[in-house]
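A.B. asks: no sequence for this one, just the structure:
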């Protein structure tokens, strides 16, 4: 059997651009203030050579889910609650497709899990940051990733019949973890007692009925006879807790147009973003451009999806997902910026102001920027930022600079001097996964340096040349004699090192100190899952994942590590 | 080459019992209130077939370090500061021996790293909990694990000459992480800015002199000419911050006698602990016994090392290390207790009272209990506690019960009824790695249940039978018809599951919620390191770790995951 995702998405024709009219696996419908997102996976609609039975999912199914949630946020401000349910009998969702996992390359599996984790966290972000509430209406068994999806919702309603259960069969049946957030959410979010979590996670058939409620695995039960009315009742109740504009905003939605770059070999040109991949050097360069004209001062919505702040970050999102999924060999991404600082500052100041004033669209645009930069944060590639004359490291772009693994500034002095302009955008609007700002994260434990940087941000004061190194805003400032060599050597050395060691190092260093459920999912749960995925006990010839669905039983190396 | 540690320590004759008079690699000397622990590794003194060049270490070297620190705590209350230095020229310590790592089995490598991590954390615990301060006096280069050892100390003094540096060469040279706490300590403890951490961790030759101070990698520098006086000065200053009794306590030390069980096949009988291993079933049973006589009410020191609370936990420590190192195949440990609750409660109440009153020995005994239970917490084996009639689940023993992955109570009613007695011991004296009590950890997010349990602990009130399940003190209470079958089935099913999946699951579920540097080391850094250890890029035939010291250069699969 051919290895699935060997060269990443290249052999899979993955696209992150879709539309409800083209969904194969989900049905999105809106009824007043409640939307319904119903899973009805097309068995033969998978990206690879496997059958998506029992509402199991692959990356393609997850891309549609992600797209649907983005669209409800931008296109349907009238919606206050989303019911996530299934259209198959007996089963809500049986999780990630095992045959897909079994034939996937390690790198593809890990990237698939990362996107799934991001999508689940996106559901929670919609609840927290936009007041869009989610009800998981489990019309049948929710197993593995199916239950993990339910866990990402605000409330879980389970069908009370003889068979419908919630379950984590991964450990007992597959020798892997409920790794798209599952193990972390049952402790950190649902607050299920840890020994009960253990019991739940080792009983393949799961827990149903009253016991599921007693253990806090689900919130509500309803028998078949009262199913529809209970779903409606719970959704209505959830909607009542929403802070979204609701019915009065009907028709105000902003349609998300497709993001299609012009492609020239491995160069991708979007409107505000360019991505150039150098497969030979295993590097990529992303250039971000400030707005080229004045953005609307009052009604940001009048520009629709072409508003710079929305379009630019949607393009960056597409570029990063493309890099992750298609260009697995690329180990280092260089970020550059260009354009007029004044236009960028003005556009972002307007956005902040309008979001603060309660404008739903400005808030959504801001939250979207936050999610996209977070996606960059967790990308397993070295992030290098270059601050050169003519660049525009200001506002939200500066957040990428604060998070970079390495940054160099070309210090030429004079009026062309390269500079960094922190703004109020970096003071709370764009937290990273640990819940802190990137300034707090960068200067963790160094309050003096943090205060200095925050003072610059409060005044949107440009910091130029060598002063950027002194304030810790860049790693190194170098003159024009040293700069080219030092950057070149850094890139050459970095891309020659073990990609695994770099991934591990970067994931440990990017978030010093405090943790959240989100960093625990990416840094703890995912790391253990990655380890388990490489072990013969799961993915070896006689491993549990490899043998799933076959007559042979797995054979384990019983040494505990 | 034979795989090192294939069957664990069995083929290595590892013992955790040693004494300064038998040290091969360290010299411990005491001069007034300052002790010196000098590393002078015997090249041919390794546990396996490799040469310990350049003060590199293996498990045997680390066992001596651990022993020395325990002895300073118990045998030398007059010591307020320890100077950790080296006796070789040019090099302080070059870290874990690469050839040992290269030939080690995965399970052995991971267990070696775990013990090393525990020993480093033990140094920090001595500083925090006993006021014993540590100065790393780096008389030459501290590389990899050598610098990680320095990081565990309170202050770092580096020789200021042309060659002495601190370095993390793991990523650039070996394709693995500085994984015994290194990457976490530079961010969380030293508060080095994260991009500088990245720069430091990718430059094989390290950082020396003033730059090492500027980057906060070391605290002080001294040239050769002023070395001895600076070491003395800094050690004296550190000693002045110590809360230990110091000179007046000279001669009050309690000698730690050897812990040697009676061995009968795979059954090990200590005084207060028995360990019985069933290699065929891949299980072990540990029985802990309450004191059999009244412990001293006033001067706990009069019993010396035979004081129950010290002896019992030293024995448990030896049993757990034996299980981890020798019996890799054992996947599940059943804990049982026996003895008179009253005697245990009395002994521990005295200990708490005396520690509170400032008695250094009582405090050391308490801190030792804490460390041993923590060692159980991070052990990669399923922890099962059985609460049966005649058992003694009280005081500190109950902390093991609170942390267990699973617990069953045999509910027979009547006056023989099994019970659990939480005491004030569980209210702060014995925190687990996340800094919380095991009650807070068990009932994370359920304040009502936590308050109920704490009320029982405040009154040392026994909870009997089924009420233990109702209060959440055990997972399941079962009558004598169901109990034997259910326990047997649990053990059978558990030991048949993938050991890797279980390790990953248990490590995720044992610590819900908040994290500390300690949990980040075991749960995040170690998980990434474990993953990297399994990857061909480090341990494959052409991996960097495998090829270290050989003429061939590693060949990497460049796909990023």
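C.D. replies: Perfect, I can see it now. Note that this is a predicted model, so its numbers are computed, not measured.
A.B. asks: quick one, what contacts the most centrally placed residue in chain A?
C.D. replies: The structure's chain A has its C-alpha centroid closest to residue A:118; by CA atoms, centre = their mean the separation is 2.9 Å. Shown in contact with residue A:118 (CB atoms under 8 Å, 6 or more residues apart in numbering or on different chains): A:66, A:371, A:374-375, A:378. Bear in mind the C-beta positions are built from the backbone N, C-alpha and C, glycine included.
A.B. asks: now swap in residue A:269 and tell me
C.D. replies: A:261-263.
A.B. asks: same thing but 10 Å
C.D. replies: A:261-263, A:275-276, A:287, A:315 (CB atoms under 10 Å, 6 or more residues apart in numbering or on different chains).
A.B. asks: next, count neighbours for residue A:474.
C.D. replies: 29 (other CB atoms under 10 Å in any protein chain shown).
A.B. asks: I'd say it and residue A:404 touch.
C.D. replies: Yes. Using CB atoms under 10 Å, residue A:474 is in contact with residue A:404, at 8.6 Å.
A.B. asks: for residue A:561, give me the pLDDT.
C.D. replies: We have a pLDDT of 88 for residue A:561.
A.B. asks: mind checking the SS state of it?
C.D. replies: coil (DSSP: H, G, I helix; E, B strand; the rest coil).
A.B. asks: count of neighbours near it?
C.D. replies: 22.
A.B. asks: my guess is it contacts residue B:379. True?
C.D. replies: No. In this structure, residue A:561 is not within contact of residue B:379 by CB under 10 Å, at 11.3 Å.
A.B. asks: overlap in contacts, those two.
C.D. replies: Shared contacts of residue A:561 and residue B:379, counting by CB under 10 Å, 6+ apart, come down to B:111, B:114, B:503.
A.B. asks: from those, which one has the minimum pLDDT?
C.D. replies: Scoring these by pLDDT puts residue B:111 last, at 94.
A.B. asks: before we move on, back to that, would you mind giving me the PyMOL syntax to select the buried ones in the contacts of residue A:269?
C.D. replies: Buried residues among the contacts of residue A:269 (16 or more other CB atoms under 10 Å in any protein chain shown), as a PyMOL selection:
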select buried, chain A and resi 261+275+276+287+315
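A.B. asks: switch the contacts of residue A:269 over to TSV; also include distance to residue A:191.
C.D. replies: Listed next are the contacts of residue A:269 as TSV, based on distance: CB to CB, whole Å:
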residue	distance to residue A:191
A:261	44
A:262	50
A:263	48
A:275	42
A:276	47
A:287	45
A:315	39
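A.B. asks: tell me which of the contacts of residue A:269 is nearest to chain B?
C.D. replies: residue A:275 (16.1 Å; CB to the nearest CB).
A.B. asks: let me see the ranges of the helices in the stretch 451-561 of chain A.
C.D. replies: A:467-470, A:483-496, A:499-509, A:517-520, A:526-534, A:536-539, A:544-547 (DSSP state H, counting those that start in this stretch).
A.B. asks: does anything pack onto the longest one? Which helices or strands?
C.D. replies: When contacts are defined as 3 or more CB pairs under 10 Å, 6 or more residues apart in numbering or on different chains; DSSP states H and E, helix A:483-496 sits against strand A:283-289, strand A:332-338, strand A:382-387, strand A:406-410, strand A:476-478.
A.B. asks: what do you get if the cut-off is 8 Å, keeping everything else the same?
C.D. replies: strand A:332-338, strand A:382-387, strand A:406-410 (3 or more CB pairs under 8 Å, 6 or more residues apart in numbering or on different chains; DSSP states H and E).
A.B. asks: could you dump those into JSON lines with mean neighbour count and distance to residue B:176 added?
C.D. replies: Output for the helices and strands packed on helix A:483-496, formatted as JSON lines (neighbours: other CB atoms under 10 Å in any protein chain shown; distance: least, CB to CB, whole Å):
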{"stretch": "strand A:332-338", "mean neighbour count": "21", "distance to residue B:176": "20"}
{"stretch": "strand A:382-387", "mean neighbour count": "24", "distance to residue B:176": "17"}
{"stretch": "strand A:406-410", "mean neighbour count": "25", "distance to residue B:176": "21"}
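A.B. asks: looking at those, which is closest to chain B?
C.D. replies: Closest to chain B of these, according to CB to the nearest CB: strand A:406-410, at 5.8 Å.
A.B. asks: for the helix or strand that that closest one is followed by, what is the average pLDDT?
C.D. replies: Using DSSP states H and E, the helix or strand that follows strand A:406-410 in sequence is strand A:419-421. For strand A:419-421, mean pLDDT rounds to 98.
A.B. asks: hang on, the earlier thing: please identify which pair of the contacts of residue A:269 lies farthest apart.
C.D. replies: Maximum pairwise distance among those (CB to CB): 15.9 Å, between A:263 and A:287.
A.B. asks: buried ones among the contacts of residue A:118?
C.D. replies: Counted by 16+ other CB under 10 Å, these give A:66, A:371, A:374-375, A:378 as buried.
A.B. asks: ok, how many other residues are close to whichever residue of the stretch 301-450 of chain A sits closest to chain B?
C.D. replies: Closest residue of the stretch 301-450 of chain A to chain B, CB to the nearest CB: residue A:445 (3.0 Å). Residue A:445 has 16 neighbours, counted by other CB under 10 Å.
A.B. asks: alright, I will stop here.
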